[in-house]
Structure formats: C-alpha cells, structure tokens
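Q: What follows is a predicted structure for the sequence shown.
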Amino acid sequence: MAMRFLVIGVGGLAKEMTDLVVALGHEVTAYFTEKEAVILHPLEGVTIINDLDDAQCDAALIAIGNTSARQRFFEQLAGRFELPTLIHPSACVSPSARIGDGVLVMQNVVLNADAEVGAGALLNVGCCVAHDCHVGAYSHLAPCTQMGGGSSVGAGVFCGTSAVVLPNVTVGGWSICGAGSVVTKDVPERSLAVGVPARVVKSL
C-alpha cells in the first residue's frame, strides 16, 4: 500500500530520497527543516514545514548525510513516526543480509551474504558491502564506497565517496574515512583517516 512520507531535510539528498520514495510507489507530502538550517540545494514547488506537529504523513525518512544528525533525528522521530527501511528496486540484497529499522538503500547498492546494517544507516548510490560485513547504526556510506569481506564500520561512521575498506579491517565508531581513501588497517574510534593507504591524521 502506498505511504505518505515526510522527508527530514531539504537539500540535495532530499531530492534523491524523493526519487527513492517514488520508485517504491509512495509519495512525499512535505519536507522538514529546522528554522536555522542553511538550504544549499533548494527544492522547488514543495511543502516545507518547520514544526513536526504540522506533518500529515504515514512515515518519515532522514535525508541528512551527517551521521550525528541522523542519530539525533532517528531518536527524536522513533515512536512518533514509522521509520521504514527503504530499498531501491535496482539494489541487489542477499536474502541472508540483516537490515535494521530505518535503513535507506539507494540505487545499485550491493549488499552481500550475511552482511549486517544497523538502524538508521544510509547506503548511498553504488556502494558494495561484501559478505559478513557490519555497518553500524546511523553510518553513511557515500556513493561508491566499497567494503571488503568481513570488514566493519562502527556506529556513526562516514565513508566519503569511493572510499575502500579492505577485508577484515575495522573502522571505529564516529570516525571519518576521506573520499578516495583506502583503509588497509584498523582505524580507532573518532578518528579522521585519509589517503592511500589511509592514515589517521587527527582525532575527532
């Protein structure tokens, strides 16, 4: 049955999430932003609200890339709105993969055997999450991120565009792997790792 969605966010990612909702046969009724938010990629001809009490919807999704904000909104919305998992029709998801609530799986994502994705995570366009991988809650794998078999990223991790995490390597929670980085060894929690091979350049 078609659902009416409230999209949390009004930027470029919100535009992409609208495509995801429509591809699954649903509709977006409104977009939410906090009054102090800076709108970099304005949406045209849509309803934007600043008060969640004004929402008229069946469910919500979080169209925000920042992982701390993803956690904050997920916890704020849980119990108030349904936060369903949405998987684009073009994604290839193994029957043995385990996916938490509110996970968003975008176009051409591959999620392989026995991979696990925590609640509120975002697997962006073209990511590959290999067998036995773990993606922590609220994490965001930016487009074309590649995770090798048995690798793991903790809660709240952001992997930039085309980042690579090699097999059996662990990235600690709330860390950032820079765009194009190749992570060849474990990254501690709350660290910024960049380069090829990736090196930790500072604590976060």
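A: Nice, thanks for sending it over. Residues are numbered from 1 along each chain as shown.

Q: domain ranges for the chain?
A: 4-77, 86-194 (automatic domain parsing).

Q: what distance separates the start and the end of the last one?
A: Distance between the boundary residues of domain 86-194 (CA to CA, to the nearest Å) amounts to 30 Å.

Q: Out of the helices and strands in this structure, which is least certain?
A: Counting by mean pLDDT, DSSP states H and E, the weakest-scoring helix or strand in the chain turns out to be strand 48-49, with a mean of 91.

Q: Okay, now the sheet partners of that one, with direction.
A: Using DSSP bridges, strand 48-49 pairs in its sheet with strand 27-32 (parallel).

Q: Quick one: residues in contact with the strand it pairs with.
A: Applying CB atoms under 8 Å, 6 or more residues apart in numbering, the external contacts of strand 27-32 come out as 2-10, 14, 18, 21-22, 43, 46-50, 52, 54-57. C-beta coordinates here come from the backbone N, C-alpha and C atoms, glycine included.

Q: mind listing what's buried in stretch 94-105?
A: Buried residues in stretch 94-105, defined by neighbour count with 16 or more other CB atoms under 10 Å: Ala97, Ile99, Gly100, Gly102, Val103, Leu104, Val105.

Q: Please name the residues that touch the second one.
A: It refers to Ile99. Ile99 neighbours (CB under 8 Å, 6+ apart): Thr85, Ile87, Val93, Val105, Leu111, Glu116, Val117.

Q: That one pairs with what?
A: On the basis of DSSP bridges, Ile99 is bridged to Val117.

Q: what do you get for the last one?
A: As for beta bridges, Val105 partners with Ile87, Leu123 under DSSP bridges.

Q: Contacts only, for it.
A: Remark: with contacts taken as CB under 8 Å, 6+ apart, Val105 is in contact with Thr85, Leu86, Ile87, His88, Ala91, Val93, Ile99, Leu111, Leu123.

Q: Look at Asp19 and give its secondary structure.
A: Of the three states, Asp19 takes helix under DSSP: H, G, I helix; E, B strand; the rest coil.

Q: Can you give me the neighbour number for it?
A: Asp19: 13 surrounding residues under other CB atoms under 10 Å.

Q: So what's the residue count around the nearest residue to Cys128 once chain neighbours are set aside?
A: Distances taken as CB to CB, 6 or more residues apart in numbering put Val110 closest to Cys128, at 4.5 Å, once the chain neighbours are dropped. Neighbour count of Val110, defined by other CB under 10 Å: 18.

Q: Next one, pLDDT for Val110 please.
A: The model reports Val110 with a pLDDT of 98.
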